[in-house]
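Participant: Following is a predicted model, sequence given first.
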Amino acid sequence: MIQTQIFGIRHHGPGSARSLLLALQAWQPDCLLIEGPPEGEEVLPFVLEEGMEPPVALLVHCPDDVRLAAFYPFAEFSPEWQALRHGLKAGIPIRFIDLPCATSFALEKAEAEQALAAVKPEESPPPEEAAPDDEPPQTCAAQSPRSDPLDWLGRAAGQGDGEAWWNRLVEERGDGADVFAAIAEAMAAVRAEFPEVAASQSRQHRENLREAHMRRCLRQAQKEGFERVAVVCGAWHVPALANLPPAKDDNALLKALPKLKVAATWAPWSNGNLSRASGYGAGVVSPGWYEHLWRHRQGRDIAWLARVARLLREEDLDCSSAHLIETARLAETLGILRERSAPGLEELSEAIHTVICHGDDTPMRLIRRKLVVGERLGRVPATVPLLPLQRDLEQEQKRLRLKPEALEKTYDLDLRQPGDLARSHLLHRLGLLGVHWGARKTQYGAKGTFHEVWSLRWQPELVLAVVDAGRYGNTVEQAAAAKAIEQAEKSESLAELSHLVDAVLLAALEAAVGPVVGALENRAAVSGDTPQLLEAIPPLANVVRYGNVRQTDTGLVGQVLDSLAVRAAIGLPGACASLDDDAARAMLPRIASAHRAIRLAAEEGRQQEWLAALARLDGCHGLVGGLAARLRFDEQADGLDTTAQWLGRALSLGNAPAMAAAWLEGFLSQNAMVLLHDRRLWALVDQWVAGLSEDYFTQVLPLVRRTFAAFNPPERRQLGEMAKSASVGPAAAPPQGDETLDWQRAERPLPLLRILLGLRPTLS
């Protein structure tokens, strides 16, 4: 006689896992059907291999389109994980019965293509909110709670939501198989009231296909002669599998479904990813706490407080034995008041926050990050099938001692050391491949250009990026070079190609340097876009200036830089001849960046050509003309007399207020030091402001205020002091004596010196 038991669970539930394991051990099924992708059956034997440490995820992806991929995470406390281990140890046939990913991906691709074809060019398709697995969205029009059917049961039981209700009755108990009959009855009642599963017709159709395929797999197992079939599925699906409709209905629904080629493997996962509603199944907000529940059936509250105390003491935070005793008492009292058999996470957290943290939220954030969520990163055996690129990356990580960790870690690389230089090469190559394992930090302080500071944090989703990059080559170096060459061939932007040259040299990709630089030269030869030329110069200047630090040959890049500098100098006056306000403001940083780059890295002749081009910007938009005058003055290409003539002509009362203010803004866009150190320029600006009529001054004031607001506070303070001293005049006549000394200037430090020496300040 064929017997079937259906065990409705919640993904990543420790109580569900414990109850399921007890039920399987008691019932001893001869066939185990588990909700999961059938493509994953071929990699199930790795579950019992040494080196497999959850959390891990079953990755199913389409080799031809890596965007079509799905992760199926498993934690140590996941019911499916415990069922897999039980079945594999007992030698029970195990089958995944969810809708195959080959079909799901094909349906997703077809739906995306149809949506794209239906959208007008000026419109964008509205985002469709994906409903988490086993948490169907609410279809009741009167109320719209969170899309979790357990919310209705939770509110009926007087709980705030379904999460708290389920945790209390299932996850924090886990005391046997009897709970599954109650779960089935509750889900049948909820589905009778709210039969619709998804928020859209396509989602509803997908859920119908999934349940039809599960029923087909169940009938197939019964047909093959298994007598004790155990089905492990999400609680929502239990009523759909308990009462089987005619097989012809399911067969008609599943007939002629499209399919794509897919592959499956195992990938490490993390507690942080489990805490988000991503991947397969709903996210759990407290994976660290759930792991604690799984490992501590008895005395869990005391064991949890011990872990909290250890964490706080490691962080040099006060946590005495008296704190723990009072916390345990308060948590137990809260549990009694709330009619709980034992305090749960909510009661323990409130007690810890009150007694140990004294109401401070900062330690609680630490506890949540390191204990409630946790920082565990799983591992998979070395025998798991991987792409050649994945295997090469693992070998490079071991060789360079860069361990992938869920916890963020900072590396200060000294590029003069071969090991650190190799690490830098690897991280830059991964960046080119779109595997953003590391983020380069901005350096502050006195460190030289031979230092790079990286912040590394491995995210499980990076595995998918590595799989995607596998089509470019079998090693990280080959793949990065191939992708860089492909980008160079497709790029039409000089700035993008210039940055790509910089990236290729930082990654030490010798095979890609020639093609990428050649693409940049070819593009520059036919480009008449001066703004693009200006944007392309700074990255190349960085290569030429710092290339010797990274032991790279920059001779070819230097030739390209000089060529671009010449073309930029020739085209600059024409590009700035007729700019409106927005275009001039956009041109300002381009000119300033290109000037710094040419001054630092270009040949002397190219620098002179650039300065001559700046001189021809007189008469252009005020922002550009003012910046050109300032840059030539800083480089001593124009003396004080010439710059004063430029300034006086630009600030003439005959010019429109907006144009005069724009010229002054461009002139002072670098900093205000030129006014602080050159009294003649200060006097010209002061005379211009003093000579403005009331109407003229009212028009120009907001523009000038915007210019001076960009200065840093010390500069603004010094300018204010100069303006004040000029308007008030000297407090007393300078003493008789050496008339070559500026006595008024010499008296300025006296108040500060009196404070430093502890003297009583003078009364003014």
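Facilitator: It's in.
Participant: what ranges do the strands span in the stretch 251-400 of the chain?
Facilitator: Using DSSP state E, counting those that start in this stretch, the strands of the stretch 251-400 of the chain run over residues 263-268.
Participant: Any stretches of it with poor pLDDT?
Facilitator: Counting by pLDDT under 70, the stretch 251-400 of the chain contains low-confidence residues at 276-283.
Participant: which residue ranges form the helices in it?
Facilitator: Counting by DSSP state H, counting those that start in this stretch, one finds helices in the stretch 251-400 of the chain at the ranges 271-274, 287-295, 300-314, 321-337, 345-351, 361-367, 388-399.
Participant: Would you mind pulling up the elements that the last one packs against?
Facilitator: Identification of packing neighbours for helix 388-399 by 3 or more Cβ pairs under 8 Å, 6 or more residues apart in numbering; DSSP states H and E yields helix 462-469, helix 476-490. The way it works is simple: take the backbone N, C-alpha and C, and place the C-beta from them, glycine included.
Participant: can you check the fifth one too?
Facilitator: Contacting helix 345-351 under the criterion 3+ Cβ pairs under 8 Å, 6+ apart are the following elements: helix 300-314, helix 321-337.
Participant: Would you mind putting the ones you listed into a markdown table with mean neighbour count and distance to Asp361 alongside?
Facilitator: Shown next, in a markdown table, are the helices and strands packed on helix 345-351 (neighbours: other Cβ atoms under 10 Å; distance: least, Cβ to Cβ, whole Å):
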| stretch | mean neighbour count | distance to Asp361 |
| --- | --- | --- |
| helix 300-314 | 17 | 14 |
| helix 321-337 | 16 | 16 |
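Participant: May I see these organised as TSV, with distance to Gln220 added?
Facilitator: Formatted as TSV, the entries for these read as follows, by distance: least, Cβ to Cβ, whole Å:
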stretch	distance to Gln220
helix 300-314	41
helix 321-337	47
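Participant: who touches His292 in this structure?
Facilitator: 300, 303-304, 307, 371 (Cβ atoms under 8 Å, 6 or more residues apart in numbering).
Participant: among the helices and strands packed on helix 345-351, which is nearest Phe633?
Facilitator: helix 300-314 (57.7 Å; Cβ to Cβ).
Participant: what's the angle between the closest one and helix 287-295?
Facilitator: With axes from the mean of the first three to the mean of the last three Cα atoms, to 10 degrees defining the directions, helix 300-314 sits at 130 degrees from helix 287-295.
Participant: Quick one: list the elements packing against helix 300-314.
Facilitator: Based on contacts counted as 3+ Cβ pairs under 8 Å, 6+ apart, the elements that helix 300-314 packs against are helix 287-295, helix 321-337, helix 345-351, helix 361-367.
Participant: quick check: angle from the second one to helix 300-314?
Facilitator: Same thing as helix 321-337. Using the same axes, to 10 degrees, helix 321-337 lies at 150 degrees relative to helix 300-314.
Participant: Now do helix 321-337: everything it contacts.
Facilitator: Outside of helix 321-337, the residues that reach it under the criterion Cβ under 8 Å, 6+ apart are 301-302, 305-306, 309, 341-344, 347-348, 350-352, 354-356.
Participant: buried subset of the residues you listed?
Facilitator: Of all the contacts of helix 321-337 considered here, the ones buried according to neighbour count by 16 or more other Cβ atoms under 10 Å are 301, 305, 309, 342-344, 347-348, 350-352, 355-356.
Participant: Show me the shaky parts of the stretch 551-700 of the chain.
Facilitator: Where the stretch 551-700 of the chain drops into low confidence, which here means pLDDT under 70, it does so at 551-556, 653, 670-675, 678, 688, 692.
Participant: Thr410 against Trp454, yeah?
Facilitator: Yes. With the criterion set as Cβ atoms under 8 Å, Thr410 and Trp454 qualify as a contacting pair; they are 7.1 Å apart.
Participant: With distance to Ser669 as new columns, can the helices of the stretch 251-400 of the chain be given to me in JSON lines?
Facilitator: Listed next are the helices of the stretch 251-400 of the chain as JSON lines, based on distance: least, Cβ to Cβ, whole Å:
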{"stretch": "helix 271-274", "distance to Ser669": "44"}
{"stretch": "helix 287-295", "distance to Ser669": "51"}
{"stretch": "helix 300-314", "distance to Ser669": "50"}
{"stretch": "helix 321-337", "distance to Ser669": "57"}
{"stretch": "helix 345-351", "distance to Ser669": "53"}
{"stretch": "helix 361-367", "distance to Ser669": "41"}
{"stretch": "helix 388-399", "distance to Ser669": "45"}
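Participant: can you tell which of the ones you listed is closest to Lys259?
Facilitator: Between these, helix 388-399 lies closest to Lys259; by Cβ to Cβ that is 25.4 Å.
Participant: Report the strands that pair with the next helix or strand after that closest one, each with its relative direction.
Facilitator: Tracing the chain past helix 388-399, the next element assigned as helix or strand by DSSP states H and E is strand 409-414. The strands beside strand 409-414 in its sheet (DSSP bridges) come out as strand 451-456 (antiparallel).
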